[in-house]
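A.B. asks: This is a predicted model, with the sequence first.
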Amino acid sequence: MDFKIEKRDNHTLIQVLDEKLDTHIAPNLKSELVLVSGNGEKNIILDLSNSRYCDSSGLSAILVANRLCKNAKGTFVLTGLNEAVERLITISQLDTVLNIVESIDAAEKMISDNQN
């Protein structure tokens, strides 16, 4: 399995375990995101701390997660970005659209704060 999915109190944490979030993994990630969202989850944290590389299909999966959470009136948070992935997101100007934080703890705090 390319990722670990963990249901927590008020969100679902998805950790990408592979070094590359690319065309080999992104379709599976999108499917999982749709399933998680379909099960009623509106808050998702995507942890990319293991990923050293992301391509356009990976970005597409990230945007799917963001849209699913937004449509459910929830919060999507991206965390654990390494320099290369963060640069790609900045170049794509997605840093203005996405919630990006340094750690899972910060992501959990953001979700808690948004629920109040």
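C.D. replies: Received it, and whenever you're ready, just let me know what you need. Just so it is clear, the structure is predicted and the values come from calculations on it, not from any experiment.
A.B. asks: and the residue most central in space within the chain, what is it in contact with?
C.D. replies: What sits nearest the mean C-alpha location of the chain, by Cα atoms, centre = their mean, is L46, with 2.8 Å. Applying Cβ atoms under 8 Å, 6 or more residues apart in numbering to L46 gives the contacts 14, 16, 62, 65, 76-79. C-beta: built from backbone N, CA, C; applies to glycine.
A.B. asks: Recalculate using a threshold of 10 Å.
C.D. replies: 3, 12-16, 21, 29, 33, 61-62, 65-66, 76-80, 98, 107 (Cβ atoms under 10 Å, 6 or more residues apart in numbering).
A.B. asks: what do you get for V101?
C.D. replies: 45, 77-81, 107-110.
A.B. asks: Show me just the buried residues among these.
C.D. replies: Among the contacts of V101, those scoring as buried are 45, 77-81, 107-108, 110 (criterion: 16 or more other Cβ atoms under 10 Å).
A.B. asks: where in this structure is pLDDT low?
C.D. replies: 1 (pLDDT under 70).
A.B. asks: Mind putting the buried ones among the contacts of V101 into TSV with secondary structure?
C.D. replies: Shown next, in TSV, are the buried ones among the contacts of V101 (DSSP: H, G, I helix; E, B strand; the rest coil):
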residue	secondary structure
I45	strand
V77	strand
L78	strand
T79	strand
G80	coil
L81	coil
A107	helix
E108	helix
M110	helix
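A.B. asks: Can you say which helix or strand has S37 in it?
C.D. replies: In the assignment (DSSP states H and E), S37 maps to helix 26-38.
A.B. asks: What ranges does this structure have for its helices?
C.D. replies: For the chain, the helices defined by DSSP state H cover 26-38, 56-71, 83-91, 104-115.
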